[in-house]
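[1] Model the following, please.
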Amino acid sequence: MKKVLLLLVIFCLFGCKKFVVSFEQPTDIKLDNLKLEVLLDKEKIQEINLKTAKGLPSYETAELPVSDEGKHQLQIKVKDTVFNYEIKYPEERYIMVTAHLKTNGKIHIGILKQAYKYRFH
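    Residues are numbered from 1 along each chain as shown. Sure thing, here's the model as predicted:
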C-alpha cells in the first residue's frame, strides 16, 4: 500500500505538469462584475467574473494543463477586445493577470509571468 501511494505521489509531482494563473480582483468599483473569458490555445477554458475587493485586492487562481512542447497561447477576452500572451513552460509557470481601467475609459489586461511563486509583502 505504501509503495502504491509513493508511486502516485511521484507521478503527480513529475507527471502532472500545470501552470498556475491568478486573476486579481480589482479595487476599482468601475470594474465590478466585469466578465473575462480565458482561452488556452483558442479553446475556452474558464469564465471569470471580477468582483471588486475592498482595501487589498484578492485573487482567484486556476491551474491550466501543459502540453508536451510547453508552449501555449493564453488569451483573455474582455467585451470586444482579446489580449494575447505566449506562455512558455517551465520558464513561465506562475502567471498573474490584472485588469486596469485606463484614463480614456478602456480596459487593459496586464500580465506578469515567472518561474517561481509570487510572494506578497
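[2] Now do the residue sitting nearest the centre point of the chain against Thr103, distance only.
    The centroid of the chain falls nearest to Val21 when counting by CA atoms, centre = their mean (2.3 Å). Separation of Val21 from Thr103 (CB to CB, to the nearest Å): 27 Å. (Glycine included, C-beta is placed from N, CA and C.)
[3] quick one on the thing from earlier: spit out the contact partners of the residue nearest to the centre of the chain.
    Shown in contact with Val21 (CB atoms under 8 Å, 6 or more residues apart in numbering): Val38, Thr61, Ala62, Glu63, Leu64, Leu74, Ile95, Met96, Val97.
[4] Check the secondary structure at it for me.
    Assigned with DSSP: H, G, I helix; E, B strand; the rest coil, Val21 falls in the strand class.
[5] same check, this time on Lys30
    Three-state call for Lys30 (three-state DSSP): helix.
[6] Break down the protein into its strands, ranges please.
    Counting by DSSP state E, the chain has strands at residues 18-24, 35-40, 43-49, 59-65, 71-78, 81-88, 94-101, 107-114.
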